[in-house]
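Q: just a sequence and a predicted model for now, questions to come.
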Amino acid sequence: MPENLPLRSAYLAHAAVALALVLFASMARADDLTIEITRGSDSATPIGVVPFQGSDSLSGDVARIVQDDLARSGYFDPLARDAMFARPHSADDVAFGDWRSLDVRYLLVGRREQNADGNAIRYDLLDVSGGRPILQESITVGSDHLRGAAHRISDAVFEAITDIRGAFSTRIAYVTAQGVGDNIDYGLYVADADGHNSQSVLTSNEPILSPAWSPDGKKLAYVSFENERPSIYVQQVSSGERIRLTDFDGINGAPAWSPDGRRMAMSLSRDGQPEIYLMNLADREIQRLTHNASIDTEPSWAPDGRSLVFTSDRSGGPQLYRYSLDSGQAERLTFTGQYNARGRIGPYSEQVFMVHRSKQGYQVARQDLESGRLVVLSDSTQDESPSIAPNGTMLLFATQQGGKGVLSAVSVDGRASFRLPAASGDVREPAWSPFPSSGR
């Protein structure tokens, strides 16, 4: 993002040539994204994840997937496999003294057996200091669902120890591009939260922007330029069935589902400058919320559905504002620095996350809503499009590495981070899904 590019010029450019996506310069296929842990947390809890019995193939190494999940969360520091004295597969086989000598606080052991119904996985999570099991479970899945089973185990282990619901079974959406210059093909993909199992949702020779998950995780809203101007579409992820939701003159951008899934906030320039609007999805009736000579865009809902955070340049530069649906009034939220944009309120309504321009560049940051204190979270300098994990522990965003676009994630305390680069090409516009609707 250019250093002195004002918000007004950015959005006029957006309407004409799809904002930052035109900067893509190389191919991004539907390859899985690969995880590179870039910073661990000094306060991470030591845990041992013993290889499961009967689970040694690359696709079926359930324990390895669980270990990787826990490691990238920033909450856990898994013991290296070559440091393990023994490899027990049940609680009865564990010599707790050996694991205490390795300073391991928790231990996960398990085994996988094939049967007529698929794969039966039995695992035990043990408190090493107390010498007792704290979680024991058996699950049965088909051989093509072992990764999903591993993520479910990770979720259960994470919650049993932290009392925070695990988000390893969630998904991410992101945009890719293929080609150079005027010959760029774009793709919208979804993948598991660890970057595996990527699937194409849409391919187009015109830009795709701003994917946003529905609250039930079954649909994606996004902006497509396939009719040579931006329109908002809503698509069923599983079937590919879709509708064009808006096709007004000018900008149709930044779709954001209400928490109950009944309304869509968006930025439209149908009446002149971009303003914030609400659409009732049942009858597509439009309600204009903001009335200002400035540009108002990038709406995001508070979890209770009673207010929206949006970006506006009404103070002379991009800053975050909160619009109350009860009062119809907007208040300014950010005062640190001259550029704060793409605000996202955390799931517990205590913090807002954003792109903040610091002396180093454009970085993701968090601000406490009560105190107003702002903290920069990332080490990179070309960050955009932050999206929060549904359990509020991690922030996913797009940035640059080695001259190409990659996805990065950082814990909300800034202590742990990892990257998810594609095997080739650029990725942008990440969106973290809600919890699976059938998860509880």
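A: Here it is on my side, so go on. Because the structure is predicted, anything quoted here is derived from the model rather than measured. Numbers count the residues shown, from 1 in each chain.
Q: every contact and neighbour count from this point should use C-alpha atoms.
A: Fine.
Q: domain ranges for this protein?
A: Split into domains by automatic domain parsing, the chain comes to 7-30+170-432, 42-162.
Q: what does the average pLDDT come to for the shortest one?
A: The reference is to domain 42-162. Across domain 42-162, pLDDT averages out at 91.
Q: name the residues that touch stretch 351-359?
A: Residues from elsewhere that reach stretch 351-359 (CA atoms under 8 Å, 6 or more residues apart in numbering): 337-346, 362-369, 376, 383-386.
Q: next, the buried residues of stretch 313-332.
A: If you call a residue buried by 16 or more other CA atoms under 10 Å, then stretch 313-332 has these buried ones: D313, G317, P318, Q319, L320, Y321, R322, Y323, S324, A330, R332.
Q: same deal with stretch 239-247?
A: Neighbour count says stretch 239-247 has L245, T246, D247 buried, by 16+ other CA under 10 Å.
Q: from these, which has minimum pLDDT?
A: Taking the buried residues of stretch 239-247 together, the minimum pLDDT is found at D247 (92).
Q: so what's that residue up against?
A: P230, S231, I232.
Q: mind checking what secondary structure the last one has?
A: I take that to be I232. Assigned with DSSP: H, G, I helix; E, B strand; the rest coil, I232 falls in the strand class.
Q: what bridges to the nearest residue to it once chain neighbours are set aside?
A: In space, and not counting its chain neighbours, I232 is closest to V223: 4.5 Å by CA to CA, 6 or more residues apart in numbering. Under the criterion DSSP bridges, V223 forms beta bridges with L209, I232.
Q: by contact count, what packs against the helix or strand containing L308?
A: According to DSSP states H and E, L308 maps onto strand 307-312. Judged by 3 or more CA pairs under 8 Å, 6 or more residues apart in numbering; DSSP states H and E, strand 307-312 is in contact with strand 296-301, strand 319-324, strand 340-345.
Q: hmm, back to that, list buried residues within the contacts of stretch 351-359.
A: By neighbour count, with 16+ other CA under 10 Å, the contacts of stretch 351-359 hold 339-346, 362-367, 376, 383-386 as buried.
Q: what ranges does the stretch 151-300 of the chain have for its strands?
A: Under the criterion DSSP state E, counting those that start in this stretch, the stretch 151-300 of the chain contains strands at 171-180, 183-192, 199-204, 208-213, 219-224, 231-236, 242-246, 252-257, 263-268, 275-280, 285-288, 296-301.
Q: quick check: which of the ones you listed is nearest to R112?
A: Among those, the nearest to R112 by CA to CA is strand 183-192 (22.1 Å).
Q: packing partners for that closest one?
A: By 3+ CA pairs under 8 Å, 6+ apart, strand 183-192 packs against strand 171-180, strand 199-204, strand 208-213.
Q: next, the buried residues of the last one.
A: Buried residues in strand 208-213, counting neighbours by 16+ other CA under 10 Å, are found at I208, L209, S210, P211, A212, W213.
Q: follow-up on the earlier one: and the helices and strands packed on strand 183-192 as CSV, adding mean pLDDT and distance to S239?
A: Converted to CSV, those look like this (pLDDT from 0 to 100; distance: least, CA to CA, whole Å):
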stretch, mean pLDDT, distance to S239
strand 171-180, 88, 16
strand 199-204, 93, 9
strand 208-213, 96, 15
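Q: most tightly packed of those strands?
A: strand 208-213 (a mean of 26; mean count of other CA atoms under 10 Å).
Q: any idea of the angle that strand forms with strand 219-224?
A: Per axes from the mean of the first three to the mean of the last three CA atoms, to 10 degrees, the angle that strand 208-213 makes with strand 219-224 is 170 degrees.
Q: distance from the chain centre to strand 208-213, please.
A: Strand 208-213 sits 12 Å away from the centroid of its parent chain (CA atoms, centre = their mean, to the nearest Å).
Q: give me the helices and strands touching it, please.
A: Packing partners of strand 208-213 (3+ CA pairs under 8 Å, 6+ apart): strand 171-180, strand 183-192, strand 219-224, strand 252-257, strand 427-432.
Q: what's it in contact with?
A: By CA under 8 Å, 6+ apart, strand 208-213 touches 18, 21, 173-175, 186-188, 219-225, 253-257, 429-434.
Q: so among those, which ones count as buried?
A: By 16+ other CA under 10 Å, these give 18, 21, 173-175, 186-188, 219-225, 253-257, 429-434 as buried.
Q: and for stretch 226-239, what's in contact with it?
A: Stretch 226-239 has contacts (CA under 8 Å, 6+ apart) with 15-16, 201, 204-207, 218-225, 241-248, 250-253, 255.
Q: likewise stretch 378-395?
A: So stretch 378-395 is contacted by 1, 73, 164-167, 342, 344, 346-348, 353-355, 360-365, 396-400, 409-412, 414, 428-435 (CA under 8 Å, 6+ apart).
Q: repeat that for 7 Å
A: Contact with stretch 378-395 is made by 1, 165-167, 342, 346-347, 354-355, 360-364, 396-400, 409-412, 414, 429-432, 434-435, as judged by CA atoms under 7 Å, 6 or more residues apart in numbering.
Q: buried set for the longest helix along the chain?
A: In the chain, taking DSSP state H as the definition, the longest helix is helix 146-162. Of all the residues in helix 146-162, those buried under the rule 16+ other CA under 10 Å are 146-158, 161.
Q: just to revisit the earlier point, taking the buried residues of stretch 313-332 together, which two end up most distant?
A: G317 and S324 (21.5 Å).
Q: now find how far off-centre stretch 88-97 is within its chain.
A: With CA atoms, centre = their mean as the basis, stretch 88-97 stands 37 Å off its chain's centre.
Q: tell me which residues in that stretch are buried?
A: Of all the residues in stretch 88-97, those buried under the rule 16+ other CA under 10 Å are P88, H89, S90, A91, V94, F96.
Q: turn the buried residues of strand 208-213 into JSON lines, including distance to V180.
A: Shown next, in JSON lines, are the buried residues of strand 208-213 (distance: CA to CA, whole Å):
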{"residue": "I208", "distance to V180": "16"}
{"residue": "L209", "distance to V180": "18"}
{"residue": "S210", "distance to V180": "21"}
{"residue": "P211", "distance to V180": "22"}
{"residue": "A212", "distance to V180": "26"}
{"residue": "W213", "distance to V180": "29"}
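Q: pick the one among those closest to R111.
A: The shortest gap between R111 and any of the buried residues of strand 208-213 belongs to W213, at 35.3 Å (CA to CA).
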